[in-house]
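In: My questions are about this predicted structure, shown below with the sequence.
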Amino acid sequence: MKTKTMTLTEGKPIKLILLFAIPIFLGNLFQILYSLVDTKIVGSILGETALASVGSVSTLYNLLTGFFNGLSLGFSVITARHYGSGDEKALKKNVAGSVLLGFLTAAVIVTGVALFLPQILVILHVPQEQMEMSLSYIQVLVWGMFITLAYNLCANTLRSIGDSITPLLFLVLAAFTNVILDYVFILEFDMGVSGAAWATVLSQGISVVLCLIRIWRGFPILHVSAKDFRLDQGQVIAMYQSGLSMGLMSSLVNFGTVTLQSGINQLGTNIIVAHTAARKVFEIWNLPVSVLGSSMATYCGQNYGAKKYDRIRQGVKSALLLGSCWAVVIFILAHTVSPYLICFIASTTQEDIIYWGTTYLETDMSFLIICVLIVVLRNSMQGFGDYVTPIVSSFIELVGKLVFTFVFVKIFDYWGIIWTEPVIWFFMVIPLIVMTLRNPIFRNKEKQGIS
């Protein structure tokens, strides 16, 4: 049965963005629940040392997942443009190219990381007493990146043609499966922290299988044949230009976070646990912002393909308005419920852990409005073809986190970590604002004939 897709090139932008973003938000929320459940179960069943071993390598996992999600999202932005322009032949070739180039890229990166994992954990300053558990946990997740990529390819391709519901439905099912498998592998099979990793990978695998079945039965526009895999040089360059741009944008951000984690890992188990719990809360609170970003990449991609530049301007303004309202809500939450959330997630009553986790959230969430500007603008830029400025902004973040890790953390300890992102966000947003205002889509409307 053919399934009707959603076009983002007709209708009121703010309504379309909300309708498109809400399923993505719910899906990503359940995806975060994967790691949140792991954190809660590992902490409550296996103890704080096991929780710290997971937390000390979580940024490496985020680095890899962020890259592959960015890569697949970049590929899907081009798919969205072809969908917006009505070029079904080019759309199918781009879907085939996404699969081929995605897995070739994954084969190189995953194998390279897996071979040098012990050395990477040493570089991350993972404490020796946590080394064995950390390695057993991250090894499973690294090899499971092929499944993570497969899900991201399916989900982002479906979203590129306007279907954000299908990925949500299968992620919800996978989230509940993850909870069950966590308890089975950790309690019944006594697999320790590696059991939590296996639960995550297998749950994602279920999502992949269900997505593929749904695509085959309901989305003929995404069906590809052998001839679609014959890529020409121009297509490969265009796809990698978009995919690697978004992948590198995410990687630069997460590589900086990995570097920062190496500084955190030297501050003791309590700080590692506090930061791990605080980042889980941060990820949930920041989720609507990141969803707005990924939604704007697809929205701008479809409208750029349809040459509806006025709708791009309207959409960016709407997204910034929605994000600003959310930043106000989070400011209030950060200064009221943070201690209770840290206590719950870390499964602890230690005042030191609760204090530092709470302080991190209260400080960083006070500046979330700047993060909104960054995420919406750089993802929108990817949608309408500016691949350079988002990477420049992300490179600023990388350099800033390197400086804070090797200079300010050594001087100010965890306070150096707390102030890292608010300070860096300020510098990151400057090139994004400047280049957005200079882009032809946002100025000289009369000369373009798109007023």
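Out: Yep, it's here.
In: where does this structure dip in pLDDT?
Out: 1-6, 31-39, 48, 253-254, 444-451 (pLDDT under 70).
In: helices or strands next to the helix or strand harbouring Gly416 in the packing?
Out: Take DSSP states H and E as the rule and Gly416 turns out to sit in helix 414-418. Here helix 414-418 touches helix 233-264, helix 269-305, helix 351-364, helix 409-412, going by 3 or more CB pairs under 8 Å, 6 or more residues apart in numbering; DSSP states H and E. The C-beta positions use only the backbone N, C-alpha and C, and glycine is treated the same way.
In: most packed of the ones you listed?
Out: helix 269-305 (a mean of 25; mean count of other CB atoms under 10 Å).
In: how far off helix 233-264 does that one point, in degrees?
Out: Put simply, helix 269-305 runs at 160 degrees to helix 233-264, going by axes from the mean of the first three to the mean of the last three CA atoms, to 10 degrees.
In: Tell me how far the helix or strand following helix 269-305 lies from the chain's centre.
Out: Sequence order places helix 309-334 as the next helix or strand after helix 269-305, per DSSP H and E. The chain centroid and the centroid of helix 309-334 are separated by 18 Å under CA atoms, centre = their mean, to the nearest Å.
In: got the angle for helix 309-334 vs helix 351-364?
Out: Using the same axes, to 10 degrees: helix 309-334 against helix 351-364 is 150 degrees.
In: in helix 309-334, what's buried?
Out: Within helix 309-334, the residues scored as buried using 16 or more other CB atoms under 10 Å are 309, 311-316, 318-320, 322-323, 326-327, 330-331, 334.
In: How about stretch 205-212?
Out: 205-208, 210-211.
In: want to try JSON lines for those residues, with secondary structure and distance to Ala96 as columns?
Out: Putting these into JSON lines (DSSP: H, G, I helix; E, B strand; the rest coil; distance: CB to CB, whole Å) gives the following:
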{"residue": "Gly205", "secondary structure": "helix", "distance to Ala96": "22"}
{"residue": "Ile206", "secondary structure": "helix", "distance to Ala96": "24"}
{"residue": "Ser207", "secondary structure": "helix", "distance to Ala96": "21"}
{"residue": "Val208", "secondary structure": "helix", "distance to Ala96": "17"}
{"residue": "Leu210", "secondary structure": "helix", "distance to Ala96": "21"}
{"residue": "Cys211", "secondary structure": "helix", "distance to Ala96": "16"}
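In: would you list those in a markdown table and tack on distance to Ile17?
Out: Converted to a markdown table, those look like this (distance: CB to CB, whole Å):
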| residue | distance to Ile17 |
| --- | --- |
| Gly205 | 31 |
| Ile206 | 29 |
| Ser207 | 24 |
| Val208 | 27 |
| Leu210 | 26 |
| Cys211 | 23 |
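In: which stretches of the stretch 51-200 of the chain form helices?
Out: For the stretch 51-200 of the chain, the helices defined by DSSP state H, counting those that start in this stretch cover 58-85, 88-115, 117-123, 128-143, 145-160, 165-183, 193-218.
In: Which one, of these, ends up nearest to Thr257?
Out: helix 58-85 (4.9 Å; CB to CB).
In: Now that closest one: buried residues?
Out: 58-85.
In: so Cys211 makes contact with Leu153?
Out: No: the pair Cys211 / Leu153 is not scored as a contact, 9.0 Å apart, by CB atoms under 8 Å.
In: coming back round to it: quick one: closest of the helices of the stretch 51-200 of the chain to Asp413.
Out: Among the helices of the stretch 51-200 of the chain, helix 58-85 comes nearest to Asp413, with 18.5 Å by CB to CB.
In: Against which helices or strands is that closest one packed?
Out: Packing partners of helix 58-85 (3+ CB pairs under 8 Å, 6+ apart): helix 88-115, helix 128-143, helix 145-160, helix 233-264, helix 269-305, helix 368-383.
In: Quick check: the gap between the closest residue to Val224 other than its chain neighbours and Leu222.
Out: Spatial nearest neighbour of Val224, excluding adjacent residues (CB to CB, 6 or more residues apart in numbering): Ala96 at 4.3 Å. The spacing between Ala96 and Leu222, counted by CB to CB, to the nearest Å, is 10 Å.
In: who's in contact with Val172?
Out: Each residue near Val172 by CB atoms under 8 Å, 6 or more residues apart in numbering is listed here: 26-27, 30.
In: So which of the residues you listed wins on neighbours?
Out: Gly27 (25 neighbours; other CB atoms under 10 Å).
In: That one sits in which helix or strand?
Out: Per DSSP H and E: Gly27 is located in helix 13-41.
In: Give me the distance between the helix holding Gly416 and the centre of its chain.
Out: Between the centre of helix 414-418 and the centre of its host chain there is 23 Å, according to CA atoms, centre = their mean.
In: So what touches it?
Out: Contacts for helix 414-418 (CB under 8 Å, 6+ apart): 260, 263-264, 267, 271, 275, 356, 359-360, 363-364, 404, 408-410.
In: what do you get for stretch 239-254?
Out: Outside stretch 239-254, the residues touching it (CB under 8 Å, 6+ apart) are 59, 62-63, 66-75, 77-78, 94, 97-98, 101-102, 231, 297, 378, 382, 387-388, 390-391, 393-395, 397-398.
In: The residue nearest the centre of the chain and Thr359, how far apart?
Out: Closest residue to the average C-alpha location of the chain: Gly66 at 4.9 Å, with CA atoms, centre = their mean. Distance of Gly66 to Thr359, given as CB to CB: 26 Å.
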